[in-house]
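S.K.: Build me a model from this:
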Amino acid sequence: MNIRLSSPDCPSPRRIKVPGKCCDEWVCDPAPRHQSFLGPALAAYREEETYGFDPALTRANCLLQATEWSACSKTCGMGVSTRVTNDNHECRLEKQSRLCMVRPCGSHLEQSAKNGKKCVRSLQVPKPMKFEYSTCTSVRSYRPTFCGACTDGRCCAPHKTITLPVEFKCPSGQVTTQQMMFVKTCSCHRNCPGENDVFQRHRA
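M.R.: Residues are numbered from 1 along each chain as shown. Below is the predicted model of the structure:
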């Protein structure tokens, strides 16, 4: 018997009779909309950018889903961001976390908004830096992109990010790997949380 198995490019194959032809032909129906355990529709989720190809995305027995990453827990310095996903070998709903740094803390934030500019969307540190996590320091040095700051009441937040593994070396000599957010693009807007006045917090 001629049977066509479902695949990512043809999730619902079926055979139909074609007028004028002797044999049935396979047609591929679009994938049905699923009721998600994370929300009412798949449109609420987006595939996160990852470093390289992830073979898990081709799993046939698991409908991969993930909420968007939450905002970083700190407006400057090292914080934590979380999401809920089933992107694991057991296809189970779980909470994931990653380190995040929207911008470093320091007076150079005010320098970035000078020269008549009310808002600087993004900035890059002048020389490579190492990240600090608890008492551990990243093995490698990085020149990451950070979100800038505004003087007109707006706040700048990450718009597009990518998550990469970063190795940290601790005082005991142990090396640990942590997932960390890296900013690709930022956007400036007025939908700011009450504690997001970066300039005011540094002057306090």
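
S.K.: Residue 81 contacts residue 70, correct?
M.R.: Yes. Here residue 81 reaches residue 70: they are 5.4 Å apart, a contact under C-beta atoms under 8 Å. Just so you know, the C-beta spots here come from the backbone N, C-alpha and C atoms, and that holds for glycine as well.

S.K.: Comparing the two, which residue is more hemmed in?
M.R.: residue 81 (23 against 14; other C-beta atoms under 10 Å).

S.K.: measure the more buried one to residue 173 for me?
M.R.: 28 Å (C-beta to C-beta, to the nearest Å).

S.K.: for residue 20, same thing?
M.R.: Taking C-beta to C-beta, one finds residue 20 at 75 Å from residue 173.

S.K.: Show me what the closest residue to residue 181 other than its chain neighbours is bridged to.
M.R.: Leaving out its chain neighbours, the residue that sits closest to residue 181 by C-beta to C-beta, 6 or more residues apart in numbering is residue 100, at 4.0 Å. Beta-bridge partners of residue 100, counted by DSSP bridges, are residue 79.

S.K.: Can you give me every residue that contacts residue 100?
M.R.: 72-74, 78-81, 180-181 (C-beta atoms under 8 Å, 6 or more residues apart in numbering).

S.K.: Same list, these, but as a markdown table with pLDDT and distance to residue 63 please.
M.R.: Formatted as a markdown table, these follow (pLDDT from 0 to 100; distance: C-beta to C-beta, whole Å):
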| residue | pLDDT | distance to residue 63 |
| --- | --- | --- |
| 72 | 93 | 28 |
| 73 | 93 | 29 |
| 74 | 91 | 33 |
| 78 | 95 | 34 |
| 79 | 96 | 30 |
| 80 | 96 | 27 |
| 81 | 95 | 24 |
| 180 | 96 | 27 |
| 181 | 96 | 25 |
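
S.K.: Would you list the buried entries among those?
M.R.: 72, 74, 78-79, 81, 180-181 (16 or more other C-beta atoms under 10 Å).

S.K.: can you tell me which two in these are farthest apart?
M.R.: 74 and 180 (13.6 Å; C-beta to C-beta).

S.K.: which residues do these two both contact?
M.R.: 100-101.

S.K.: could you pull out the helices for this structure?
M.R.: 108-112, 198-203 (DSSP state H).

S.K.: Check those helices for me: which has the lowest mean pLDDT.
M.R.: Per-stretch mean pLDDT for these is lowest at helix 198-203 (a mean of 39).
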